[in-house]
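below: sequence and its predicted model.
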Amino acid sequence: MTTYVGKPVRRVEDHRFITGRGRYVDDIKLPGMVYAYIVRSPYAHAKILSIDTSQASTAPGVIAVLTGKDLEADGIGGLPCGWQVNFRDGTQMKEPRHPVIAVDKVRHVGEPVAVIIAETREQAKDAAELLTIEYEELPAVVDPQKAVEDGAPLVHDDAPRNLAFDWEIGDKAKTEAAFQEADRIVELELENQRLVPNAIEPRAAIGDYNPGTDHTTLYTTSQNPHLIRLLLCAFVMGLPEHKVRVVSPDVGGGFGSKIFHYNEEVIVTWAARKLKRPVKWTAERSESFLSDRHGRDHRTKVQLALKNDGTFLGLKVRTYANLGAYLSTFAPAIPTYLYGTLLQGVYTTPAIYCEVYGVFTHTVPVDAYRGAGRPEATYLLERIVDLAARELNMDPADIRKKNFIPPFDGIEQPGYQTQVALQYDSGNYEAALNRLLEMANYSEWRRKQQELRSQGRYIGLGLATYIEACGIAPSAVVGALGARAGLYDSATVRVHPTGKVSVYVGVHAHGQGHETTFAQIVADKLGIALEDVEIVHGDTAEIPFGMGTYGSRSLAVGGSAMVRALDKILEKATKIAAHLLEAPESDLEFREGRWYVKGTEKSISFPEVALAAYVPHNYPPDLEPGLEAESFYDPKNFTFPFGAHLAIVEVDPETGEVKLLDYYAVDDFGNIVNPLVVEGQVHGGIVQGVGQALYEEARYDENGQLLTGTFLEYAMPRADEFPMFKVDHTVTPCPHNPLGAKGAGETGTIAATAAVANAVADALQPFGVKHVPMPMTPQRVWTAIQASQQVS
Amino acid sequence: MGVPIKVTVNGRQYEAEVDPRMLLVHFLRDVLDLTGTHVGCDTSSCGACTVILNGKAVKSCTLLAVQADGAEILTVEGLEQNGKLHPIQEGFREEHGLQCGFCTPGMIMTAYDLLQRNPNPSEAEIRHALEGNFCRCTGYQNIVKAIQYAAAKMSS
Amino acid sequence: MFPASFDYRVAESIDEAISLYQSADGEARYLAGGHSLIPAMKLRLARPSRLIDIRPIEQLRYIRVGDDGAVHIGSLTTHAEIAASNVVAQHAPLLAQAAKVIGDVQVRNMGTIGGSLAHNDPGADYPAAVLALEATITVQGPNGTRHIAATDFLKDMYETALEPGEIIVDVAVPSYSGWKSTYVKFFHPASRYAVVGVAILANAVGNQVQDIRIAYNGVASCAFRDTAAENALKGKAATDATIAEAANAALNGVDVLSDHFASAEFRKHIGRVYLKRALQELFAG
Ligand SMILES: Cc1cc2nc3c(=O)[nH]c(=O)nc-3n(C[C@H](O)[C@H](O)[C@H](O)COP(=O)(O)OP(=O)(O)OC[C@H]3O[C@@H](n4cnc5c(N)ncnc54)[C@H](O)[C@@H]3O)c2cc1C
Ligand code: FES
Ligand code: FES
């Protein structure tokens, strides 16, 4: 019996947000605070010939003008990369220095070149106009396929052919053999376009230094404050970690982009220490476009070998992954271990081979963006499956069913070993699809599609049956795969003398509602009221350690750590209760916040026990006072949420306009703590996924200028472009964590892009259009129709 | 250089001297410390800065503080009455109309403008009214429901 | 983000505004709704040294039917006021049809018709409407008052007939009570400005077209009347065939804008399809 878990509990964090009392980094004002303005490169590739700071330094209010040379003179290092992916032949990954502020060369538009610090934001920016920087422009390369060609401009002299690594996974020989045997091979060249995450809160950072105590505080819009502190102290600035505090208060969305350690975090920390005044930097949105890490950007060729009855025999994938100008914190892992390992999908394909080239270009660094690697894998897989269905004249639902991995719960039946290294925890893929088809009344839509076609209207049905790997773990495994950090998490449960509880968690919510969902678990576990629990996150001074929130890991990993800590609390509290009730522990029964002596009415409440722990007058002799417990949890495996989505679109073939008519989603996240919060995650993910399919694109010109560098060119999805979604779920618990939870943060984004892409292709089948590149703008759709009409 | 202005914000009168180039949103945030109104962009696109100026929703990042001289302004901080949430605020909480909360004040003020003009909007009208407000978290669905909740509550 | 410094002045009357303009050192600009100017100043694309706030000039804010029978709109009237006006709805609904699809609610609450016409953005929505409506724009400046036909006023991308120091005071639209009109817009997905906007105003009995005006914005560097398309329908019955003829005649010889979202070829195609469909709908039933 639960009071809270599984219920749509309204979020406790909402009150401060709806009353305008949220506290984001840019809301913080410290006494004596000064402002940093960052001067950024206008060129994609250029030599810095000279920087003349004389005029800017004497402008009103200016305190300092700092350059990359000043930073180097102070011994500040480059930004580290947290994951190493080596070349197939064993050569080490090329890991060129990633300067915090460029010194002799700039390698992408937006790279920091100088910093102006002034009394006011206005003075800093005004002075920037007085800075004279001489550049010698050099040729640039932005396309990852062109970047590996002979003679392409080099981003880093020590990375020939602009390669950071090349990587492979799967069994090449077995896959080649499967292709030999196949009745047919379908293939597609795809681009998974570059995106800008665009959390609505722009990044911001404040450095603060107290020379009296030698304490440094960094306030930053981060998804993982501990990791930032570790990188900042151990790799970049060489600061004593125990004297550095990183605080991420309320964070206005991240979607991956606030995981990474950024130049500006170093800049404000360094400047604050140097000037002995708090230094604040807040991104203007145009700066965000040029400095937040971008996402996706793959060029891929995919081939599927199959039998004429629709059975998949083999899959071959080759991808050029654009990494941008430098290796961002987790960049190498995204197009490899979070991508190639997902190519099994939910299908039994017996042979898979994938090779990936990680390529430097003169563009903003690319790293994880909601889904990170998994949307890219799902997009190619689901597109090629649909194309195969079309060539075989099968319904897309049927070809999927034919190839699904049969159900397994991970307990009675073992986990499913894929061809690409992973072992899935539990799954029932067909059940999710069946539920979807029933909920959406799929066959009725198919009938309607035929009917409308005869009236000259073109609707399309697009399925995506996906799997995701999240809660990345265990640390030993990821370490062997090149991760330079562990991927466990921690929680400390502190029971106060009155029985109220504070829980300090290492994961960090920036919209996910942990203050509610985690509290629901605590309240149920301890039998106390939700109001009596507070979840604390986002401050390294309060929380022992944590790896933060991304990759849908918070509940599965952080939540599990918390459950273990709660178990320790209950274990100790039961000892105290037994002592107070003068009964052996084995005679006690804990329910709804009280320990009962079995078969009697004799009982004691949780707050009474808590008080005894802190006022141990009558107390078990060999027990320490106090009631607090900590746990670090390193999971046994990833978790593997999955599901099936269906998008219904209408395409206007004359104008190329696409309208999303309806959207259905059935997801399986394992056990759900708060359905309201989970549905919210699904909705948001779907809209982001549709955004990629139809609207969004970070588009560079040949010279490396970002053409879509403001919201006037980069199309964000808006309210009036969407119908109400119909969402439901199946429940296949995760067998290996105490909550049975799998994670829900990214699935919408993973499935929706593919579903909409399939829907558009389906709508255009009568025109012979096989594929429309993303984003599927009216012009692209129209052009695709024109092109295929000319062929036929 | 400073220009004197008088404004009423959330029922309270303020007088200040401001640099003419100061945007209204910076006046609210930096001078009055009303940080509920947010800045999400620099192209007047996202609506995070929406406030009610003389009864109408405007983007406070696209207005100079001096242009608000003599005006009455309502921000998200001024919605609660006697410690009671406004029905729109309540709607956002009840329908889970927010995640990170960053777009929320702007969404709420835009909804306030809509419900004032149109107390009983259809779903399409609500979506249309949100044309100038971005949310990256919620997919808008629960924001629409939150506004429907408020409309129902306010008309009952 | 915020503008560079400037000297700020408030004008309470048109004369005061003009004299503040004349007394300025360097570049002076009038500030109306500020919804083109302030974004440009924030991006430092505009850096006037003096800003003259004309929004307090109450006498420039009205919508009324004049003695001449025309609808007169004060230049400071906002897009929202035009969209909601009964007078506009009765005499010149086309203007309201355009006003309704400008930007978003917040933009429509601040932006003014005078500011939009003075700015003459190629993607703005009023220009096609005022051309089709054959509006007259009255401006007042250091050298007195001028009445300028819309077609002479809108010169080119961000260029108008305004002379230095002139203020738009009034937009006069003859009454078109009984005419049919529509404004259709192919939105830019990010900015929501018009990639293509077509304004149509027709005097017809049933589908017998006596007079018709067709104007485009978005397609080219400046809004324009498409007389070839008009001629294909004028004095004829609007049928599928004549409508198709009009659509094919449209946009010939026009120097069409091109960008990565919409190439010249695609823009032209959309311009014709949107025209065709708008005509079909206008004359349906
Ligand atoms: C997010 C956003 C979206 C938008 N979308 C659209 C859209 O879809 N369609 C559209 O048409 N517009 C759009 N606009 C522009 C909007 O309509 C502007 O309000 C309008 O173009 C300018 O009017 P204003 O009153 O704001 O003028 P201001 O910005 O104050 O002034 C613009 C220019 O005109 C001059 N000026 C202003 N008034 C006068 C006058 N009376 N006499 C002489 N000169 C004058 C100014 O000096 C300045 O040079 C959008 C704006 C924004 C911010
Ligand atoms: S901050 Fe005002 S619209 Fe984005
Ligand atoms: S709730 Fe995060 S942007 Fe809307």
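Now that the structure is in, tell me what you want to look at. Ligands and ions are numbered 1, 2, ... in the order given.

tell me, how many neighbours does the closest residue to ligand 1 within chain B end up with?
Of all residues in chain B, B:Ser44 sits closest to ligand 1, at 3.7 Å by CB to the nearest ligand atom. Where C-beta positions appear, they are placed from N, C-alpha and C, glycine not excepted. Using other CB atoms under 10 Å in any protein chain shown, B:Ser44 has 25 neighbouring residues.

on the three-state scheme, it is what?
In three-state terms, and counting by DSSP: H, G, I helix; E, B strand; the rest coil, B:Ser44 is coil.

please report the distance of it from chain A.
Distance, B:Ser44 to chain A, by CB to the nearest CB, to the nearest Å: 9 Å.

gap between that residue and B:Lys59?
B:Ser44 sits 5 Å away from B:Lys59, going by CB to CB, to the nearest Å.

what do the two both touch?
C:Val107 (CB atoms under 8 Å, 6 or more residues apart in numbering or on different chains).

so where's the stretch 51-200 of chain C uncertain?
Within the stretch 51-200 of chain C, the set of residues satisfying pLDDT under 70 is empty.

what residues does it have near chain A?
Within the stretch 51-200 of chain C, the positions near chain A by CB under 8 Å from any CB of the partner chain are C:Phe186, C:Pro189, C:Ala190, C:Ser191.

doesn't C:Arg192 make contact with the first one?
When you say that, I think you mean C:Phe186. No. Distance between C:Phe186 and C:Arg192: 10.8 Å, which falls outside the contact criterion (CB atoms under 8 Å).

check contacts around the closest residue to ligand 1 within the stretch 401-550 of chain A.
When distances are taken as CB to the nearest ligand atom, the stretch 401-550 of chain A approaches ligand 1 most closely through A:Gly511, which lies 24.9 Å from it. A:Gly511 makes contacts with A:Val251, A:Gly252, A:Gly253, A:Gly254, B:Gln99, B:Cys100, B:Gly101, B:Cys137, as judged by CB under 8 Å, 6+ apart.

could you rerun that using 10 Å?
With contacts defined as CB atoms under 10 Å, 6 or more residues apart in numbering or on different chains, A:Gly511 is in contact with A:13, A:17, A:199-201, A:250-255, A:549, A:677, A:680-681, A:684, A:745, B:98-102, B:136-138.

helix or strand for the closest residue to A:Trp445 other than its chain neighbours, which one?
For A:Trp445, ignoring the flanking residues on the chain, the nearest one in space by CB to CB, 6 or more residues apart in numbering or on different chains is A:Leu461 at 5.6 Å. With elements taken from DSSP states H and E, the one containing A:Leu461 is strand A:458-467.

contacts only, for A:Gly324.
Residues near A:Gly324 by CB under 10 Å, 6+ apart: A:107-108, A:142, A:144, A:155, A:194, A:293-294, A:297, A:331, A:359-367.

what about the contacts of A:Gly511, which are in helices?
A:Phe17, A:Val677, A:Gly680, A:Gln681, A:Gly684 (DSSP state H).

any idea which of those is closest to chain B?
Sorting these by how near they are to chain B, with CB to the nearest CB, puts A:Phe17 at the top with 3.1 Å.

could I get the contacting residues of residue 59?
You didn't pick a chain, so chain A it is. Counting by CB under 10 Å, 6+ apart, the residues that A:Ala59 touches are A:Val65, A:Ile116, A:Ala118, A:Gln123, A:Ala124, A:Asp126, A:Ala127, A:Ala128, A:Glu129, A:Leu130, A:Leu131.

correction: the question concerned chain B.
Applying CB under 10 Å, 6+ apart as the definition, the contact partners of B:Lys59 turn out to be B:23-25, B:41, B:44-51, B:53, B:106, B:110, B:132-133, C:35, C:38-39, C:103-107, C:109-110.

beyond the lowest-mean-pLDDT helix or strand in chain A, next helix or strand please.
Using mean pLDDT, DSSP states H and E, the weakest-scoring helix or strand in chain A turns out to be helix A:475-480, at a mean of 80. Per DSSP H and E, the first helix or strand lying C-terminal to helix A:475-480 is strand A:489-495.

residue ranges for the helices of the stretch 601-750 of chain A, please.
For the stretch 601-750 of chain A, the helices defined by DSSP state H, counting those that start in this stretch cover A:606-614, A:675-690, A:747-763.

what packs against the second one?
Contact analysis of helix A:675-690 by 3 or more CB pairs under 10 Å, 6 or more residues apart in numbering or on different chains; DSSP states H and E lists helix A:374-391, helix A:514-526, strand A:642-652, strand A:657-668, strand A:726-729, helix A:747-763, helix B:141-155 as its packing neighbours.

my guess is C:Leu51 contacts C:Gly26, does it?
No. Between C:Leu51 and C:Gly26 there is no contact under CB atoms under 10 Å: 11.4 Å.

who has more neighbours out of these two?
Comparing C:Leu51 with C:Gly26 by neighbour count (other CB under 10 Å), the higher total belongs to C:Leu51, at 29 against 10.

CA atoms only: put the helix or strand where the more buried one lies into CSV for me.
Element membership of C:Leu51 [criterion: DSSP H and E] is strand C:50-53. Provided in CSV are the C-alpha atoms of strand C:50-53 (Å, rounded to 0.1, in the frame of the first residue of the first chain):
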residue,chain,number,x,y,z
ARG,C,50,18.4,60.7,-30.1
LEU,C,51,15.2,58.8,-29.6
ILE,C,52,12.0,60.8,-29.7
ASP,C,53,9.2,59.0,-28.1
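
list the contacts of the helix or strand following it.
Following strand C:50-53 in sequence order, the next helix or strand is strand C:63-65 (DSSP H and E). Applying CB under 10 Å, 6+ apart, the contact partners of strand C:63-65 are C:70-74, C:77, C:81-82, C:84-88, C:90-91, C:95, C:113, C:171, C:175.

which parts of strand C:63-65 are buried?
Buried residues in strand C:63-65, counted by 16 or more other CB atoms under 10 Å in any protein chain shown: C:Ile63.

now tabulate the helices of the stretch 601-750 of chain A in TSV and tack on mean neighbour count and mean pLDDT.
As requested, the helices of the stretch 601-750 of chain A are arranged in TSV below (neighbours: other CB atoms under 10 Å in any protein chain shown; pLDDT from 0 to 100):
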stretch	mean neighbour count	mean pLDDT
helix A:606-614	21	96
helix A:675-690	26	94
helix A:747-763	31	96
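
now those as TSV including distance to ligand 3?
What follows is those, written out as TSV (distance: least, CB to the nearest ligand atom, whole Å):
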stretch	distance to ligand 3
helix A:606-614	35
helix A:675-690	8
helix A:747-763	14
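
in stretch B:32-51, what's buried?
Neighbour-count burial for stretch B:32-51 flags B:32, B:34-51 (criterion: 16+ other CB under 10 Å).

ok, back up a step: return the subset of the contacts of B:Lys59 lying in helices.
Short answer: the contacts of B:Lys59 in helices (DSSP H) are B:Leu24, B:Val25, B:Gly106, B:Thr110, C:Ile38, C:Pro39, C:Val105, C:Gln106, C:Val107, C:Asn109, C:Met110.

re earlier: check the buried residues of stretch B:32-51 against ligand 2, which are close?
Residues of the buried residues of stretch B:32-51 in contact with ligand 2 (CB under 6 Å from any ligand atom): B:Val39, B:Gly40, B:Cys41, B:Ser44, B:Ser45, B:Cys46, B:Gly47, B:Ala48, B:Cys49.

my read: the fourth one touches C:Met41, true?
No. The criterion here is CB under 10 Å, and B:Ser44 misses it with C:Met41 at 11.6 Å.

so what sits against both of those two?
Counting by CB under 10 Å, 6+ apart, the common neighbours of B:Ser44 and C:Met41 are C:Gly34.

sorry, back to before: state the pLDDT value of the residue nearest to A:Trp445.
Residue-level confidence at A:Leu461 comes out at 98, pLDDT.
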